[in-house]
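Novice: here is the input, now give the coordinates:
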Amino acid sequence: MKAIFHHNQLAHFPTRYLQRGHIVDFPEQPERAKRLLKGVRAAGCNMHAARAHGDAHILAVHTGRYLKFLANAYRKWNRPKGKAFEEVMASIRPLEKPARYPTDILGQAGWHQQDFSCPITEQTWMSVRASADTALTGAELISEGEKVAYALCRPPGHHAYADRAGGFCYLNNTAIAAQFMRKRWDRVAILDIDVHHGNGTQGIFYDRSDVLTVSIHADPRKYYPFYYGYESQRGKGPGNGYNINIPVPVKSDDEVWMGALELALSEISDAAPGALVVALGLDAHEADPLNGGAVTTAGFARMASAISKLSLPTLIVQEGGYLTDDLEHNLASFLKGFGG
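Specialist: Modelled structure (predicted):
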């Protein structure tokens, strides 16, 4: 199995995170990628450098106005120098319609940053662009004939909408990869097994039938992103029936996740896609600091083995999974279970 990575992904490093009213250290740290790289090596994967890709592939998923914001927000925020904190963070957001797009950077931040978990630093654009290139390189390898590949994307992406960041996510790497793979296959499936629902991915493909989105995640009635990920949210228009949500109770163990996965794989098999993108979150692990799941390290191998039996060309895109001593072992377990 080839594993793709770009070292520029290490540059993004916000300092602050709002957690139940407290300002704490930012959980999505560069150290995550370093530990995941150890997992890649332990699984025996062959490293492959990410290739640069044009913005057109990203603009197939995200709006031009949003990309312009991400690329220029820090510079505009800190002009004149020293008048703002070193991280772009919104303090006001539009909630009602009609609403118009403002010219001031504070208003634009509120338009494009949906929560307090997606601050923008001087290095953020460089890192998120490298993360997208990592996913695109993986999608390209699969489209060229690789059976399976792993894209170590950091920052993650599945909470990002077409024009909004959130949940540590800025560009939706999973969606960008799936859209790229549509150039070869008439239908692509996305299987999201992050402990959080991939609300951005759902939003991007909600009215489409050419990309099936299937997500297993902790019950959103009690867990982020709270407002999305319900079984009744099945798509609209041509996409009706092509968005499948399978919520499980918070702190579910291996057996519950495997039962949900059996349902998910059945949905994917029935849809008969040409290729698969797996949005791999390792944050369902029993020791993950975000406390959403109780999956064991061995459980990730079981899930990977079951997914591999679909025998589809498969790109694995890294989503969540936060700092524990188990992080690298969880990734190695999954990749080995897939046949890595």
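
Novice: so what's the residue count around Asn245?
Specialist: If you count neighbours by other CB atoms under 10 Å, Asn245 ends up with 23. Placement of C-beta: from N, CA and C, glycine included.

Novice: can you confirm it is in a helix?
Specialist: No - Asn245 is assigned strand when assessed by DSSP: H, G, I helix; E, B strand; the rest coil, not a helix.

Novice: who does it bridge with?
Specialist: Ser215 (DSSP bridges).

Novice: so what's it up against?
Specialist: Applying CB atoms under 8 Å, 6 or more residues apart in numbering to Asn245 gives the contacts 197, 202, 215, 217, 229-231, 233-234.

Novice: so of these, which two are at opposite extremes in space?
Specialist: Across the contacts of Asn245, the longest distance by CB to CB is 15.3 Å; it joins His217 and Arg234.

Novice: which one of the two has more residues nearby?
Specialist: It is His217, of His217 and Arg234, that has more neighbours when counted by other CB under 10 Å, with 30 against 14.

Novice: pretty sure that one sits in a strand.
Specialist: Yes - the assignment for His217 by three-state DSSP puts it in a strand.

Novice: that one against Leu191, yeah?
Specialist: No - using CB atoms under 8 Å, His217 is not in contact with Leu191; the gap is 11.5 Å.

Novice: I'd like the contacts of Asn245 laid out as TSV, including pLDDT and distance to Leu310.
Specialist: Conversion of those to TSV gives the following (pLDDT from 0 to 100; distance: CB to CB, whole Å):
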residue	pLDDT	distance to Leu310
His197	98	22
Gln202	98	21
Ser215	98	16
His217	98	20
Gly229	98	23
Tyr230	98	25
Glu231	98	22
Gln233	98	24
Arg234	98	22
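
Novice: from the residues you listed, which ones fall inside helices?
Specialist: Applying DSSP state H to the contacts of Asn245, the entries found in helices are Gln202.

Novice: which among the contacts of Asn245 count as buried?
Specialist: Buried subset of the contacts of Asn245 (neighbour count, 16 or more other CB atoms under 10 Å): 197, 202, 215, 217, 229, 233.

Novice: pLDDT value on Gly340, please?
Specialist: You'll see Gly340 listed with a pLDDT of 54.

Novice: let me know the closest of the contacts of Asn245 to Pro249.
Specialist: Closest approach to Pro249 among the contacts of Asn245 (CB to CB): His217, at 10.9 Å.

Novice: isn't Tyr224 right up against Gly198?
Specialist: No - taking contacts as CB under 8 Å, Tyr224 lies outside contact range of Gly198: 11.5 Å.

Novice: so between the two, which is more surrounded?
Specialist: Gly198 (35 against 21).

Novice: tell me how many other residues crowd the residue nearest to that one when sequence neighbours are not counted.
Specialist: In space, and not counting its chain neighbours, Gly198 is closest to His158: 3.5 Å by CB to CB, 6 or more residues apart in numbering. Counted with other CB under 10 Å, the neighbours of His158 add up to 31.

Novice: quick check: phi and psi at His158.
Specialist: Dihedral angles of His158 (phi, psi; degrees, to the nearest 10) stand at phi -70, psi -10.

Novice: so what pLDDT did it get?
Specialist: We have a pLDDT of 98 for His158.

Novice: how close does it get to Tyr228?
Specialist: 11 Å (CB to CB, to the nearest Å).

Novice: give me the common contacts of those two.
Specialist: Both His158 and Tyr228 are in contact with Asn199, where contact means CB under 8 Å, 6+ apart.

Novice: mind listing the strands for the stretch 151-300 of the chain?
Specialist: In the stretch 151-300 of the chain, the segments counted as strands under DSSP state E, counting those that start in this stretch are 188-192, 211-218, 243-248, 252-253, 275-280, 293-294.
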